[in-house]
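Prediction below, plus the sequence it came from.
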Amino acid sequence: MSSMSLKSPSAYDAVHKTECALSHDTPFCPSGLAINLKTFTATGDLFVDADHERTNCDLYLRTRSFYVPKKKSDENKDKGEQQQPKKVAIGTPDGFDAGDDAANVVDVNTLLVYPSKVEILLPNANLPELVLNVVDAVLKHDGVAKREDLAAWAEENEVKESRYAANLPQEDPNGRLISPDPKKWKCMESGTTENLWLNLSDGFIGSGRRNWDGSGGNGAALRHYEEMKAQGKDYPLAVKLGTITPNGADVFSYAPDENDLVTDANLKDHLSHWGIDIMKQTKTDKTMAELTLDLNQSFEFDKVTEAGKDLQAVSGAGRIGLSNLGNSCYIASILQLLASIDDVAAPNMAMAASLRASVPASSEATADELVQFAKAMEALRGNRYAGVNANAAPPEDGATPTPTPLRIAPRLFRTLLGQGHSEFSSARQQDALEYLGHLIDRMESAERSGASRIEASGASGLGWRPLKQLFEFEVEERLFDPESQTVRYTRRPELYLGVNVPLDRAVNSSEVAASDSEAAKRRKLQEAGACTYVSSDGTATDNAAAAAPPAPDAAMDTEMVPAKVVPRVPLLSCIDSFAATEVVEFNSPAMDGKQVNAQKSTRFATFPPYMLVAIHRYYFDKNWRPAKLDVEVEAPAELNLESLRAHGIRDGEVPMPDAPEGSGAAPASTRFSPDADIIAQIVAMGFEENGAKKACKATNNSGVEAAMEWMLSHMGDADFHTPYVEEEEAATAQPAGGASRFSPDADIIAQIVAMGFEENGAKKACKATNNSGVEAAMEWMLSHMGDADFHTPYVEEEEEAAPSASASAAVTRDDGPGIYELVGFVSHVGANTACGHYVCHARRTESPPMLVHVQDALSGGASTLGPWLLFNDEKVALSQETPVDRGYVYLYRRRASS
């Protein structure tokens, strides 16, 4: 490759310059990164030779970054510029600091020339102008990482203008204006003086909604909106008094189709209508973002992250953190949890080199899930990043470099796994459990398309198994019809055990009740403006006589207020609730389709090598806002589930007959009909009926709350807006034999081909997106062009042989004793999964990872797990007070048979 064939990257080119495509090397590693000036992809020093052979590129831009101590003047300047966090996020604008070191960064660049491997210090006026221009363009290019961050943050930070602001009705004040003196503001319903909201339409001042910890208000502002709505007056916008400044204020829309903070372009005029001059207002109360931040900087945050403890930082293989890329803690916590599984880490580390070498020529390592996952396991459990940054200061600077850990930033992994997903491609905080399921699904697809590469790497001899097989298990559902005395047994696969928390099974119910009662008394006294302390025994002491009358907005002495007592529920009680018998309505085929109250119970048909247990802490409150149960779940170190093993049909039980063909008698589970009441309630909130029907089907008519939760998490799906098809219609449309035959949409194919794409890929895209439209098909194609099977011929479904019943039944799972030990867990801090912070606690083997069955053979079956470690983004420390009772997703490892 001559310099004449070089071309500067355009704004549309993908430039990967912050992370090696084949490892987690960064510019801060001793040898830095070498950026291929042909492909604009960076590689670490271990892989430059192979990249040169593969791409025939002779010129590389080597970038090295160094930490050097800051001068005291720089440190003082930084301290003076620090601002208070404004949002519940880490490593994001207006969020918490991600923990950057007190050091400046200095970059040194050279031109690496192959095959001589000579390095030329840059800039160098003796080099050809074209080479200098290309190097300069690469250095100035934003790069893929920065470009994605900027786009994601623009989306994440958007607060939308209310659709009601432009034509907001406002009643005649009739001389009733709002006083500019905050001390005169009070709720018109209760008289309370905290968290006050002014309805911009009629001037009503009401208290805001109560927060999960009991603070906040009594909900008068919302009740007033609902009362006016019932009278035919739509007054949705309210402004929080005390947050008004010349720059704006907190404005909330109570309208069901918004129900969130919004902006009001006419706020100045709307406030002036009630006598408030926005230019003369000053901030006297906290914004909603600040209040949310305060609530999350509470006991839970301290407990989950072990803040305030004198934690001992650790490093070395298996004790390596991940840099926070801005709301990426959900990714880091899941990767750390998976890296704690030796059956995942060991084979992927052993296969990594082979997988790198077998990347298809038509693809890139940056778009290869197998390579990116293997390199993550290699980085987190191997030795390459176990030390500290050994970079010396630049030759022209005599300063001593600051010792800092080598940082692993999973940018390429985040980008690749987020492709094609509306949520995981954004910079918003996400649900870690949903991400784990998404990661496993993506790896299943990659493992299927890369099966030959995996086999060639010697996977079978390394003990490798598909990722999903380590977690997936079957549950057996027993349905008993008491009228006909018949039973039906069915099985279904599950990836994790999701359990509700039965608060009535709390082991400290009396203490919780006493604490709640005391908090209720305290709130009433606060609303009455009393300066009173409520003791732990419920006795109220009036201090008014001993002190001057308090200001109307004075707060009670929080140091005297006892800590809130939260329920403690054993995990086994949660699992018992999952396995408990429930009564369901059922169209019994044994009773000619008559609806009966059947008894349904669930048991474990198989026990996987690793059991994931997810605690359903999150729900929607009565106002359909995401909320979280403040509860402690006592997760045991050992979990014995053998008593819940399924047994199949027993002697003496009569099997339930199948529904006679054409009789109309069928179990409710096979002929589904969306619940009309659930649909009506969802539509009344402003959502479309089509989505409501799909939500009912997905949640099996479990209720409005479950349906709403499903809808909010699936609105970005490619097929969400496709018409809902009744099951009776689907059955009618099926060809003989009951198999559905898919046919790609000819119009979609024609439009894609007209853009210059091949028909074969267009057909595959139509099938993958279920003919959802050109946009969905194109999005799928662009994210799957690198798949190994993308260019294989599309096969019409009628040409495919339908799987036989025996083939379906032949699926086997790794079943063993249902006795598990706790390996790790992911915890969440925050009011809901869309905000806050995730951390991982895990126990790992002290030695390099090896397959569990090998460990058991060496140790006689004894546990080989080390001490509890805290993985809080890039910080890794020995855990002191492990918050096992605050977990969201628990990971249990099956014990070996004795």
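Received, thanks.

Please compute how far stretch 365-375 lies from its chain's middle.
With CA atoms, centre = their mean, to the nearest Å as the basis, stretch 365-375 stands 21 Å off its chain's centre.

what's the distance between Ala165 and Ala137?
From Ala165 across to Ala137, the span is 44 Å (CB to CB, to the nearest Å). For every residue, glycine as well, the C-beta is placed using N, CA and C.

Just list what the helix or strand containing Asn760 packs against, helices and strands only.
Using DSSP states H and E, Asn760 sits within helix 759-768. On a contact count with 3 or more CB pairs under 8 Å, 6 or more residues apart in numbering; DSSP states H and E, helix 759-768 meets helix 746-754, helix 774-784.

so which of the ones you listed comes closest to Cys20?
Nearest to Cys20 among these is helix 774-784 (22.0 Å), distances taken as CB to CB.

dump the residue contacts of the closest residue to Asp13 other than its chain neighbours.
Computed as CB to CB, 6 or more residues apart in numbering, the closest residue to Asp13 that is not its neighbour in sequence is Phe40, at 6.1 Å. Residues counted as contacts of Phe40 (CB atoms under 8 Å, 6 or more residues apart in numbering) are Pro9, Asp13, Ala14, Val15, His16, Lys17, Val138, His141.

give me that answer again for 7 Å
Each residue near Phe40 by CB atoms under 7 Å, 6 or more residues apart in numbering is listed here: Pro9, Asp13, Ala14, Val15, His16, Val138.

Show me which of these is closest to Arg62.
Distance to Arg62, by CB to CB, is smallest for Val138 among the contacts of Phe40, at 11.4 Å.

does the closest one really touch Leu61, like I thought?
Yes - shown here, Val138 and Leu61 form a contact pair, counting by CB atoms under 7 Å, at 5.7 Å.

Could you name every residue contacting both of these two?
Common contacts of Val138 and Leu61 (CB under 7 Å, 6+ apart): Ile35.

from the chain's centre, how far out does the helix holding Asn760 sit?
Worked out by CA atoms, centre = their mean, helix 759-768 lies 30 Å from the chain centre.

Below-threshold pLDDT in the stretch 151-300 of the chain: ranges please.
The model of the stretch 151-300 of the chain has pLDDT under 70 over residues 151-158, 211-216, 289-300.

do the same with the stretch 301-450 of the chain
Along the stretch 301-450 of the chain, the parts satisfying pLDDT under 70 run over 301-309, 387-407.

In it, what residue spans correspond to helices?
Remark: helices assigned in the stretch 301-450 of the chain by DSSP state H, counting those that start in this stretch are 329-339, 342-357, 369-381, 411-418, 432-449.

and the shortest one, how far out from the chain's middle?
Right, helix 411-418. Relative to its parent chain, helix 411-418 has a centroid offset of 14 Å by CA atoms, centre = their mean.

related to what we said a few turns ago, hmm, which of the contacts of Phe40 are the buried ones?
Neighbour-count burial (16 or more other CB atoms under 10 Å) is assigned, among the contacts of Phe40, to Pro9, Ala14, Val15, His16, Val138.

Switch those residues over to CSV; also include pLDDT and distance to Ala456.
Output for the buried ones among the contacts of Phe40, formatted as CSV (pLDDT from 0 to 100; distance: CB to CB, whole Å):
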residue, pLDDT, distance to Ala456
Pro9, 88, 34
Ala14, 85, 28
Val15, 90, 31
His16, 90, 26
Val138, 92, 34
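
out of these, what pair is the most spread apart?
Spatial extent of those (CB to CB) is set by the pair Ala14 and Val138 at 11.9 Å.

which one among the buried ones among the contacts of Phe40 gets closest to Glu378?
Closest to Glu378 out of the buried ones among the contacts of Phe40 is His16 (18.5 Å), distances taken as CB to CB.

List the beta-bridge partners for the closest one.
Residues in a beta bridge with His16, per DSSP bridges, are Thr41.

For it, which residues are in contact?
Phe40, Thr41, Ala42, Gly143, Val144, Thr366.

returning to what we had before: so can I have JSON lines of the helices of the stretch 301-450 of the chain showing distance to Thr490 and mean neighbour count?
As requested, the helices of the stretch 301-450 of the chain are exported to JSON lines (distance: least, CB to CB, whole Å; neighbours: other CB atoms under 10 Å):
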{"stretch": "helix 329-339", "distance to Thr490": "31", "mean neighbour count": "26"}
{"stretch": "helix 342-357", "distance to Thr490": "30", "mean neighbour count": "22"}
{"stretch": "helix 369-381", "distance to Thr490": "33", "mean neighbour count": "25"}
{"stretch": "helix 411-418", "distance to Thr490": "33", "mean neighbour count": "22"}
{"stretch": "helix 432-449", "distance to Thr490": "22", "mean neighbour count": "19"}
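
Just send these back as JSON lines, with distance to Ser272 too.
Below are the helices of the stretch 301-450 of the chain laid out as JSON lines (distance: least, CB to CB, whole Å):
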{"stretch": "helix 329-339", "distance to Ser272": "43"}
{"stretch": "helix 342-357", "distance to Ser272": "62"}
{"stretch": "helix 369-381", "distance to Ser272": "56"}
{"stretch": "helix 411-418", "distance to Ser272": "45"}
{"stretch": "helix 432-449", "distance to Ser272": "45"}
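
I'd like to know which of these is closest to Asp658.
Checking those against Asp658 by CB to CB gives helix 432-449 as the closest, at 32.1 Å.

Quick one: mean pLDDT over the following helix or strand past that closest one.
Sequence order places helix 451-456 as the next helix or strand after helix 432-449, per DSSP H and E. For helix 451-456, mean pLDDT rounds to 92.

Who are the packing partners of helix 451-456?
The elements that helix 451-456 packs onto, with contact taken as 3 or more CB pairs under 7 Å, 6 or more residues apart in numbering; DSSP states H and E, are helix 342-357.
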